[in-house]
Structure formats: structure tokens, C-alpha cells
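*Asks:* Return a 3D structure for these sequence lines:
(4 chains)
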Number of protein chains: 2
Amino acid sequence: MNTQQITEIFKSKGLKLTPQRIAVYKFLTENPIHPDALTVYEKMVESNPSFSKTTVYNCLQTLCDCGLLIPVNIDKDKIRFDADTSFHGHFKCTKCGEIYDFQCTESVVSGIDEFETLQKDVYYSGICKRCKE
Amino acid sequence: MNTQQITEIFKSKGLKLTPQRIAVYKFLTENPIHPDALTVYEKMVESNPSFSKTTVYNCLQTLCDCGLLIPVNIDKDKIRFDADTSFHGHFKCTKCGEIYDFQCTESVVSGIDEFETLQKDVYYSGICKRCKE
DNA sequence: TAGTAATTTGTAATAATTACAATTTAATTA
DNA sequence: TAATTAAATTGTAATTATTACAAATTACTA
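*Replies:* Take a look at the predicted model:
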């Protein structure tokens, strides 16, 4: 995704156009690797050595708050992020640690009638195809 | 669940019968509140002041490893635990923090053919009925 | 009952995340 | 375009859940 497109999206969400915010979102849209904050930070400092780790956390939080990112809470010790906000599942290979996207129908649920569901997460884990071979 | 029953279960799993382990599992089966390690620890020290926090972590890990507990990773900052190992979803109210169980059909998935799925987690979040009123 | 391997315990270390205050900056207004 | 202001960035310090580790204890076996 180019900067022009991101600019439009940010404006429509009422977000300030900071270079850091744009860089973080650009990285997420171009690298669907479900990175965590540290991974994003390490990529950011490559092109901007003054980039702060706190800024990464702030940007990721802001982008989640306005619906441009989804937090992927599939690891026990850190939060990952995904710029694909459409409904899909995440599979974590417990052997290699990789996160895979998968298509997934929405479940029929009961017992939470009159609850207001705002986010639905489907997390599977096991052994991926490559690690089984 | 009584101690006799737990004894049988632990023996069938090849687990050593330590009072700490039994107490942790008993608490989980009798209190389906999806507690985290600290909550379990605080309950344990009430009846046994020498109970260690590390022991709680060890016991919870062991019980998960042998399939008697399921880790519920719905919070960003801590792991909860559930003695109900049957397939069901978890709803977290972002207002009051409460975790609710709900019935949930398994999704039809694609894109992870030949993957070996060992655990399936469905996490919803939003506003619970009580908080909406 | 003695031996042994596993478990418990307490302390210290680790690692992700958050708090906070000073500095800088994006967007607005004159 | 320059001044203003509220918001964002930055760096450091604090917080919190979890893990590492070694010594003491204990459950089980023979």
C-alpha cells in the first residue's frame, strides 16, 4: 500500500498523519507476518534510528482502536498484529512458531443472547504441514 | 469434585499425587471462573500458607500438559485456566472483565489442509448482557 | 524403611507492556 | 507564511506476568 492511499485512510479515520504511524501501518499491510511490537520496532529503526519503542506501542494501539489493525493474541507472551481485518482464523504451529491465516465459517453460538459481540477470534494451534514432513 | 475422584484421574494420567496439585485441580473444577495463576495462588495460600507461587505455575502447566486443563488466552496480560476441556467458546466482557462460556459449533475451515490441529480456541469479546442494561 | 527421582519452594531474572514528563510536531488559525 | 495549540513522539523508569534455578522436601518404588 502506498503512502497516498494510507493518507486517505488516516484522514477518513481522523488520524494525524505522522511519519511513524504511516510507516507502522505500511509495514503491516505489506508484511502479513503477524508481527509483534518488537518485530515492528526493529524494522522501523532500520529506516529511522530515532524511532522509539513506545511509539510503536502507541501506533499499534491507535491503529487497533480505529479498526485498521486487529490484535492477534495467539501467543502467551506477546501480542501480534494483523492488517487484514476481515474475519478469518489464525493457526499457530507450536513447533516452528509460524502463524498461518485460514478461512473459517462463523460458528453458530448460544448462551450469549443479548450480548453485544464486537470481536470474534478463532485461534487454532498444532503442527503445520511443513513441520509434519 | 472430591479427592478420591481426583486421585483416580491423576493415577490414570501418571501424575504424582501431591497435595498442591490436587488442591489446584480441585479448585479449578469447583470454580469455573477461569482464574489466572495469581487468583489460584491467593486461594491456595488461604488453606496452606507455605504454598508457593511457582508451584501454582508448575501445577497449572502440568495439568494443561496432560489435558486436564485448558489455558484460556483471552486476556492480553495473563493466562486463565478452565477445567472444562470440552469444546466451547469464551466471551470476555470488555466492560466488567467477566469471562462467559458459550456453546459454539465448530467452524468449517480451509487453508490448513494436512495441518494437525491440536487445540481450537474461540474467543469473543464485547459487552455482556448485564453491562448493557 | 531406604533410596531416588520428581516436586515444591523462595529468590532472582526475564520480557512485554505501561506510565510519565519533556520535547517535538502536525494541523489550525491569524 | 508564521504563530498557536493540542496531540504525538521520545527516553527512561516502573510494572507485571512468567520463567529460571538451586536447595530442600516429598511421593513413590523396591
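*Asks:* which stretches of chain A form strands?
*Replies:* A:70-72, A:80-82, A:89-93, A:99-104, A:109-110, A:116-127 (DSSP state E).
*Asks:* Adding distance to B:Ala83 and mean neighbour count, write those out as TSV.
*Replies:* To be clear about C-beta, it is placed using only N, CA and C from the backbone, and glycine gets the same treatment. Below are the strands of chain A laid out as TSV (distance: least, Cβ to Cβ, whole Å; neighbours: other Cβ atoms under 10 Å in any protein chain shown):
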stretch	distance to B:Ala83	mean neighbour count
strand A:70-72	26	19
strand A:80-82	28	22
strand A:89-93	23	22
strand A:99-104	27	18
strand A:109-110	21	15
strand A:116-127	20	18
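*Asks:* Could you export those strands as TSV, including mean pLDDT and distance to DNA strand C?
*Replies:* Output for the strands of chain A, formatted as TSV (pLDDT from 0 to 100; distance: least, Cβ to the nearest atom of the strand, whole Å):
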stretch	mean pLDDT	distance to DNA strand C
strand A:70-72	98	8
strand A:80-82	98	8
strand A:89-93	98	15
strand A:99-104	98	14
strand A:109-110	98	27
strand A:116-127	97	15
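*Asks:* Tell me which of those strands approaches A:Gln4 most closely.
*Replies:* strand A:80-82 (22.5 Å; Cβ to Cβ).
*Asks:* And chain B, is the closest one touching that?
*Replies:* No. Under the criterion of Cβ under 8 Å from any Cβ of the partner chain, chain B is not reached by strand A:80-82; the shortest gap measures 11.2 Å.
*Asks:* Residue ranges of each domain in chain A, please.
*Replies:* A:3-82, A:89-132 (automatic domain parsing).
*Asks:* Select, out of the ones you listed, the one closest to DNA strand D.
*Replies:* Closest to DNA strand D of those, according to Cβ to the nearest atom of the strand: domain A:3-82, at 3.2 Å.
*Asks:* ends of that closest one, how far apart?
*Replies:* 18 Å (Cα to Cα, to the nearest Å).
*Asks:* May I see the strands of chain A organised as a markdown table, with distance to B:Asp113 added?
*Replies:* Shown next, in a markdown table, are the strands of chain A (distance: least, Cβ to Cβ, whole Å):
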| stretch | distance to B:Asp113 |
| --- | --- |
| strand A:70-72 | 22 |
| strand A:80-82 | 21 |
| strand A:89-93 | 11 |
| strand A:99-104 | 9 |
| strand A:109-110 | 25 |
| strand A:116-127 | 13 |
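*Asks:* now stretch A:116-128, how far from the centre of its chain.
*Replies:* 13 Å (Cα atoms, centre = their mean, to the nearest Å).
*Asks:* List of residues touching it?
*Replies:* A:70, A:72-74, A:87-96, A:98, A:100, A:102, A:104, A:106, B:73, B:91, B:94, B:107, B:109, B:112, B:115-127, B:132 (Cβ atoms under 8 Å, 6 or more residues apart in numbering or on different chains).
*Asks:* Which of the strands of chain A sits closest to A:Ala23?
*Replies:* Once the strands of chain A are compared by Cβ to Cβ, strand A:80-82 is nearest, at 13.8 Å.
*Asks:* who are the neighbours of the closest one, in terms of helices and strands?
*Replies:* helix A:53-65, strand A:70-72 (3 or more Cβ pairs under 8 Å, 6 or more residues apart in numbering or on different chains; DSSP states H and E).
*Asks:* need the residues of chain A near DNA strand C, please.
*Replies:* Counting by Cβ under 7 Å from any atom of the strand, chain A comes close to DNA strand C at A:16-19, A:36-38, A:53-54, A:57, A:61, A:77-79.
*Asks:* 6 Å instead?
*Replies:* A:Lys16, A:Leu17, A:Thr18, A:Pro19, A:Asp36, A:Ala37, A:Leu38, A:Thr54, A:Tyr57, A:Asp77, A:Lys78, A:Ile79 (Cβ under 6 Å from any atom of the strand).
*Asks:* Alright, calling it a day.
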